[in-house]
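> Pasting the sequence and the predicted coordinates here, then a few questions.
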Amino acid sequence: MGAESKQTDPPLEDAHQVQEAVVIRFAGDSGDGMQIAGAQFTLETALLGEDVATFPDYPAEIRAPAGSEFGVSAFQLQFGSMDISTPGDELDVLIVMNPAALKTNLPDLRVGGTVIVDTEAFTERNLAKAGYSTNPLEEESLAQHELIQLNISHMAAEAVAEFDLSQKEASRSRNMWTLGLALWLYDRDRRATVEWLRQKFSARPEIAEANVAALNAGHAFGETAEMPSSAVGHGMGRAHMMPGEYRVATGTHTITLGLLAGARSAGLEIFLGSYPITPASPVLHMMANMKNQGVITFQAEDEIAAVCSAIGASYAGALGVTSSSGPGIALKTEAIGLAISAELPLIIVNTQRAGPSTGMPTKVEQSDLYQAVFGRNADSPLPVIAASTPSDCFAVAVEAVRLATKYMTPVFVLTDSYLANAAEPWRLPNLEAVPDLSVVFLSESEGGSALQRRNPHTLARSWVKPGTAGLENRTGGLEKDVRTGHISYDPDNHQYMTDTRAAKIAGIGADIPLQEVSVGAESGRLALVGWGSTFGPIRQATKRARERGVDVSHVHVRYLNPFPPNLGELLGGYEKILVPEMNSGQLVTMLRSEYLLPAETLSKVTGQPFKVVEIMDAITAILET
Amino acid sequence: MGAESKQTDPPLEDAHQVQEAVVIRFAGDSGDGMQIAGAQFTLETALLGEDVATFPDYPAEIRAPAGSEFGVSAFQLQFGSMDISTPGDELDVLIVMNPAALKTNLPDLRVGGTVIVDTEAFTERNLAKAGYSTNPLEEESLAQHELIQLNISHMAAEAVAEFDLSQKEASRSRNMWTLGLALWLYDRDRRATVEWLRQKFSARPEIAEANVAALNAGHAFGETAEMPSSAVGHGMGRAHMMPGEYRVATGTHTITLGLLAGARSAGLEIFLGSYPITPASPVLHMMANMKNQGVITFQAEDEIAAVCSAIGASYAGALGVTSSSGPGIALKTEAIGLAISAELPLIIVNTQRAGPSTGMPTKVEQSDLYQAVFGRNADSPLPVIAASTPSDCFAVAVEAVRLATKYMTPVFVLTDSYLANAAEPWRLPNLEAVPDLSVVFLSESEGGSALQRRNPHTLARSWVKPGTAGLENRTGGLEKDVRTGHISYDPDNHQYMTDTRAAKIAGIGADIPLQEVSVGAESGRLALVGWGSTFGPIRQATKRARERGVDVSHVHVRYLNPFPPNLGELLGGYEKILVPEMNSGQLVTMLRSEYLLPAETLSKVTGQPFKVVEIMDAITAILET
Amino acid sequence: MSGVTSPDKLLPKDFASDQEIRWCPGCGDYAIIKAVQKALSELEVRPENTVFVSGIGCAARLPYYLATYGFHTIHGRAPAVATGIKLTNPDLDVWVATGDGDGLSIGGNHMLHALRRNIDLQILLFNNEIYGLTKGQYSPTSRKGTRSPSTPLGSVERPVTPAEFAFGAGGRFVARGIDTQQNRLVPILKRAHGHRGASLVLIYQNCVVYNKGAFAHFTDKKNAADFQLHVEHGQPLLFGKNGERGLRLKPGCLGLEVVDVGAGGIPAEDVLVHDETNRALAMQLASIEPPEFPIALGVLFCDPRESYNESVHAQIREAQAESGVKDLATLLRDGQTWVVDEED
Amino acid sequence: MSGVTSPDKLLPKDFASDQEIRWCPGCGDYAIIKAVQKALSELEVRPENTVFVSGIGCAARLPYYLATYGFHTIHGRAPAVATGIKLTNPDLDVWVATGDGDGLSIGGNHMLHALRRNIDLQILLFNNEIYGLTKGQYSPTSRKGTRSPSTPLGSVERPVTPAEFAFGAGGRFVARGIDTQQNRLVPILKRAHGHRGASLVLIYQNCVVYNKGAFAHFTDKKNAADFQLHVEHGQPLLFGKNGERGLRLKPGCLGLEVVDVGAGGIPAEDVLVHDETNRALAMQLASIEPPEFPIALGVLFCDPRESYNESVHAQIREAQAESGVKDLATLLRDGQTWVVDEED
Ligand SMILES: Cc1ncc(C[n+]2csc(CCOP(=O)(O)OP(=O)(O)O)c2C)c(N)n1
Ligand SMILES: Cc1ncc(C[n+]2csc(CCOP(=O)(O)OP(=O)(O)O)c2C)c(N)n1
Ligand code: SF4
Ligand code: SF4
Ligand SMILES: [Mg+2]
Ligand SMILES: [Mg+2]
């Protein structure tokens, strides 16, 4: 089964209205508040009923020197009435707060697109910092675009002049002025933003009101100034969203809530053992914010202690969870083997980032699939599942809880920095539909070894909670006798236990949904097989290609180990298989090995998500050969 | 290319003389000196010119309680004039020092085989400890075997009575008495053993002489007593060994010497950063014994520090080596990524053991192949090579030095607990044939970034040694600009660097020998594809099957990543491919994926090496289907 | 302890599991386990509420031989696993069994942070100054010059003094004992159990195979009186066969000195009195060693602070009291929501 | 420092690399790097013989900005990498740049063992009591109650005092300085360089973004005189605007106390004199803190022992002198050999 899409498929006549979406990017210095402007634009847009997808992209540096190229922080979003599943390939509108932002972002603006600049920031000093020897605003280079020059800094300062702010504080309102203008351009409300500002600055109302004033001023400017008509957009109308209650959420929100929902359904406390690392820390932060929900978070001294504490928690009868990113996961692999050997539930969330080694910590990649599936010493199988959209993280988290507790096994959940940070309208899950995951701890000894009693169907051993009289036992990482649970070096026993561990995980294949086709037909000339956050661009590319009559389908795999039982047969129905991945080709290795199908790889390893057009080009190319 | 065999193929008429080999096992308490008896028997046998293969198998416990089943220590060897590449499937002769040893080892004795017991140890107490309710010496159970009851303890004590030994010391000479008898049975010299005893106990000559006396007494007993003729063997004649100078060596000796030979040829100091772990510690111990060779060994606080110190050593211009076993390797995977990113040579020796987790530390398995090839975060390719016999470890170690320094990359060397401990006659390598691996450090800046100067053929960057004026530079685990070596988050640069890292390792494929067929034809009905220490049993099984006219070949893969360039084509020439592995099927996954060939797995995960007959049965089975 | 049904006081032997012990004959670990079983019995704890967590090593085999819950984890990580157990279920008594390699080499960082956080664990560190299980390599507590398989010419490293390390890590309970001194070890173990916070008990343990007699210079009968100082809170720091020697402050500096007491020496009342809440004194006691000084044994330091587990749960309770546990539906709706109607 | 050819003394700026510095404006790291460059210049070391090794964190970015060799390794592991470098080439000056998270959280074990072994590294620990690079989570040195993204209700952990930890680890050189006090930091760095063994320099560093003013209670101008005690070997432990306060032994116990000096107080000669080789004193100085005491700054302790790298190489040299470096052919033939002839 691929990831559930929040979209109903639009009626056919809508399908080609690609223009029914707009891509806009706010870009400025790290300190310019672009992420906030983008997030609020997203919220106002979502509240309008339009669909939206976002892509925040910020520098690794905390506060890079003002005006430097590497200090540019950007927030891109695509919105519209159609099925929006990516933040967009090319920009229709680019808003830049300084020369460095112009320099680094202009290449992404489409020909004919609009660029709005804050002229005040185009000083000689700033131009020099961005490496411009001449002022681009005075040059040919922007001729292909609609250039709107506004002294935003000045107008924002005027708008907040009446408030008693320091100069620094006053200058921070530029982002709200800019947001106000952007909201006007696309005919969006400001109410949610006003509310948000007043709540955020409740301790300093003058700051809240100054920001509201700047927001209103930007909006008013749009009303009164003569904005070139080409730059003025409009409401796109509501997207064809599935009925339900929605909010804007990132993958961080959804995965955290999903884990909580799963744990509640299982009747377990959550214990998160973690160690900060970009881009995985937000899960720790959000969990830490749920102390009032009884969640225990433990910031350990390192990733090893983090995973070990989670294993201890599971041993003691809680749901042990640990979260990190690739380099931190590497440190956990020995301990994950212990959880496999001792057969304890454990959820390992890997928010992937670009590598190898420290790599590019804030950039996206999905290159830890090998690590999740194969990255331990000895035969140590475990289930691996991946989320495909921010919304999908919720269901994946619940599923992880189900698998971990039902099969007494560590479970890998793969997300990435894109999913963790990107926001989209999230249809709130129907909590009644969350499956009943109630865990039953073994409560009395029924003869034999408490530890080694296995459910004959799942092959899972029973979960024994310390504190239970009569079930005292000793376990650990040494091989265990199949009957007694005691240490055993017996050759046949080791074979049996190894086979049992393998069979237990393989058996999960029969307990997961069959693989469905996300877009397209169940057989044909070409299947694009994806996993994780490539869902959006693959989906869009497939849809667009199909609109053009190309016989291509999109299959998105959530269950990466074991695969859904019908996957091989399904894929066998296509003439060609192309596997787009943000790595050098990892899923493709697994598919080829498992099914002996000549799947090919479409690899992108730039730290940036796929563009739709890149996948469309690959479709064309593979079908031509 | 498979592992080089030390054997010339015997002339055809010899090929069926399977009886020209004998399998003998010494078994007793951990404290009974069985490993020494076995090792000396091996040496005397090898010195005779016979071929020999050994299998020491000892308990995890340091000094298990005397007489307990789990405290039994055994040493098995096969010797003869034929090509001996395994320690043998079934025992011809079993020598046991107590009831527990009889109990645990008897099942391996062939029908009609000889069992020699030390009757003195068959006390009620010892029988009870071994779980015997009655004395097996008085029972039917041994009827299928030739039982020889000797009061070894008593006779040994008498032999040493004249020396001034404590009772404990005197009783320790039992193993020498036993060895003396065994040497007589097979008509072997005692000289090397006498020499060894006198050297070992040079500080306490009375102990040396007592042991010599015991040895001689055992031998004399054979001469004078009426030993059943069925038990008396004979010299087998020299095996058809390749001409050359030989010694007896384990994989620990050969790998250590190979690393030293490689480093000397490269002109580099060796730095070993390691942390003790069974069964990898002997490499550390042997290296630590080479301080007088200038080798630096650093017993680090943990495996992470061990690999990091080795990386530091390589950074400083030495050959950094780190050694461990699976659980310890798991801890090194993050740092290995650093060596990949910084492009530094590093040799990682994994002496594999049974898992998952702590598993069965003293037992053999080859289940860390996935970990070596795939077990890191992100796209982080590196070469992986495996040794197939104790002798082969030398060449593999030299090759690891070549690849690491020529390609500026970490290299995984896989061995296992069998190879590390098993002894065989080792044809001393021709040191002139060790390739010239001279390393040239970059000595002057020729413009551009010192770090990022790449050899256009190997794609390796140059090695810059701190201390070199004018080449000061900064490097690390962040992504580096292809031209300057500075930190870069540029999307295209990351793609380029990722591709370059992949191409560099893939390029090694063109710089390694083509895959050869170890036994059999270059195409046919069936290929057995192995790697690592399964070499011996696969070779024997293939040869025996071929003697019976079965069309089967043996292909043994040393280069596991990248594969030899002709491997796919070669394997394509067989109708069926069977991959025997001491894991749940790891190489088979890689072969299927790489070549889309329907290779099948023959898995054995008992902590024991394959028996020849197990592989022969599998050959029969697969060819019948 | 399967099958225990009566709530009667359990005997030491009731805390023995059915597993055959696999330490070498003569190993100091045998004495330690006896003391542990006796302490558990005297503490009248329940096996089901007791968990022993260990890493890897000979010492770390301890849990297998106890009839409590036992978790034999991975090398060096027992304090981290135990932290997860204790935070999850603070009602459990959680003990850690570790060695000088497990606890101070690979596991040094977890030891540091467990002590610093002051989580309520009893940590028993069996210090034999050697890696027993892996056949005798030197450890971070091995003395300089130790010949071992990995240091055939003698180690050149300066060892760490575990008690000093514990103070540097902020430990609030530090005690020392000798494997075979059951009468002294049992009370120490009981004190450790009583201390609500991280309790570190350092046990000199004789590895008869790889480091035999490493502590003979103060454990041997003939040396015991002169080189063992058994400290007791409120009691003068006296040692020697008849308590004829003692410690006092070295005048004018921050050190201690050995003095003769009584006839020919200083008056008994001038001898320093042990105050287990005096960290500076305890740290000095941790550092003194033969031949100049005796080895200080017993509870060197005990000065409790709120334990980490108490603080964590207090904070959770407060947060819940303030905002209440929200139901999931409410949590999902954090921030603004909107509704898309059927066929809008 | 590409292109340096003249052996002339290099200026501080000659130790700056061509990389644009990426710390936040106002970060204390700017001041530290200036001090480092000045110290390198004054030490007249050569850039090519100098290696800066770091882990991950804001602090760990230091090597990029220095014109020496630089290795930015992985989180927490710099001391281990540096150990390999120093053992391989003892002629190199090896410095480690680390943070409170890098060096004491994930890297605490390597720090312990580097100090214990006494390998000749200069370890600069930038202590801002926060994880800067990962956006402000609390660290093992953060004070109890620290609100951070991972402790929104305040941390409940007891912090470690880095200098105490260093003593527990057996460190032979422990010094403390403040980021912006260049005139005091430079001499400290030079002393660290001069000490042949592991030198730990703890630097209070202001993270203006996530933990601004964490040390204001003793670094602010108005507090400096009363809460900074700059220790100097052989000099009395005086502080206050006019040195009108001092430390002395608290009579009858093992502690220190603050006393008024001069008019109305005790005579100046009764004030304790700093002895940097007195470990007990140094440990007390490491522990005192405001408001009761000032913070002790400067070289708290320096009492050299043979360095690990010296010992390792001395042992190798001895072994070689004894048996000589054998050629490979001889080594191969260790034990007994025999010859199989052609066509035997
Ligand atoms: C990750 C890992 N590294 C290394 C080992 C091997 N190992 C097991 S126990 C041990 C040291 C034991 O020493 P200590 O903790 O002092 O315990 P003792 O055996 O002396 O009681 C080592 C190195 C391991 N099991 N796992
Ligand atoms: C294995 C691993 N875990 C976690 C991280 C994330 N990380 C990078 S720096 C850091 C902490 C930095 O704190 P500190 O050492 O105090 O340095 P500062 O930034 O405050 O100077 C963390 C947690 C990482 N890079 N690698
Ligand atoms: S090796 Fe040493 S510590 Fe381990 S069981 Fe034997 S005597 Fe005890
Ligand atoms: S986050 Fe803090 S420590 Fe890091 S550069 Fe910014 S101010 Fe400095
Ligand atoms: Mg030990
Ligand atoms: Mg910090």
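In hand now; what should we look at? Ligands and ions are numbered 1, 2, ... in the order given.

> which residues does the closest residue to residue A:244 other than its chain neighbours bridge with?
Excluding its sequence neighbours, the residue lying closest to residue A:244 (Cβ to Cβ, 6 or more residues apart in numbering or on different chains) is residue A:427, at 4.3 Å. For the C-beta atoms, the positions are set from N, CA and C on the backbone; glycine is no exception. Per DSSP bridges, the residues bridged to residue A:427 are residue A:246.

> Go ahead and confirm residue A:427 touches residue A:246.
Yes: proximity of residue A:427 to residue A:246 meets the contact threshold set by Cβ atoms under 8 Å, at 5.5 Å.

> picking up where we left off before, contacting residues for the residue nearest to residue A:244?
Residue A:427 is in contact with A:6, A:241-242, A:244-246, A:391, C:340, counting by Cβ atoms under 8 Å, 6 or more residues apart in numbering or on different chains.

> Equivalent analysis for residue C:162, please.
Going by Cβ under 8 Å, 6+ apart, residue C:162 touches C:100, C:104, C:125, C:127, C:141, C:200, C:202.

> make it 10 Å
Going by Cβ atoms under 10 Å, 6 or more residues apart in numbering or on different chains, residue C:162 touches C:100, C:103-104, C:111, C:125, C:127, C:140-141, C:174, C:176, C:200, C:202, C:286, D:168.

> What score does it have for pLDDT?
Predicted confidence (pLDDT) at residue C:162: the value is 98.

> Repeat that for the one 10 residues further on.
The confidence metric pLDDT takes the value 98 at residue C:172.

> Not counting its neighbours along the chain, what's nearest it?
Residue C:172's closest residue in space is residue C:197 (Cβ to Cβ, 6+ apart), at 4.9 Å.

> Identify the residues contacting the one you found.
Residue C:197 makes contact with C:115, C:117-121, C:171-173, C:302-310, D:158, according to Cβ under 10 Å, 6+ apart.

> Which among these count as buried?
Applying 16 or more other Cβ atoms under 10 Å in any protein chain shown to the contacts of residue C:197, the neighbour count classes C:115, C:117-121, C:171-173, C:302-303, C:307-310, D:158 as buried.

> Residue A:476: which of the residues you listed is nearest?
residue C:121 (17.8 Å; Cβ to Cβ).

> quick one: contacts for that closest one?
C:51, C:53, C:78-79, C:82-83, C:85-86, C:93-96, C:114-115, C:192, C:197-200, C:307-309.

> Can you select the buried ones among those residues for me in ChimeraX?
Of these, the buried ones can be selected in ChimeraX as follows, counting by 16+ other Cβ under 10 Å:
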select /C:51,53,78,79,82,83,85,86,93,94,95,96,114,115,192,197,198,199,200,307,308,309
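
> starting at the chain centroid, how far to stretch A:350-362?
Taking Cα atoms, centre = their mean, to the nearest Å, one finds stretch A:350-362 lying 14 Å from the centre of the chain it belongs to.

> For it, measure first residue to last.
One end of stretch A:350-362 to the other measures 14 Å (Cα to Cα, to the nearest Å).

> Alpha carbons only: can I get stretch A:316-328 in CSV?
Only the C-alpha atoms of stretch A:316-328 are listed here, as CSV (Å, rounded to 0.1, in the frame of the first residue of the first chain):
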residue,chain,number,x,y,z
ALA,A,316,10.3,-2.3,32.1
GLY,A,317,7.1,-2.3,30.2
ALA,A,318,6.9,1.1,28.4
LEU,A,319,7.0,1.9,24.7
GLY,A,320,10.7,2.7,24.2
VAL,A,321,11.4,5.1,21.4
THR,A,322,14.6,6.6,20.2
SER,A,323,15.1,9.3,17.5
SER,A,324,18.1,10.5,15.6
SER,A,325,19.6,11.0,12.2
GLY,A,326,22.1,8.8,10.2
PRO,A,327,25.3,9.5,12.1
GLY,A,328,23.5,9.0,15.4
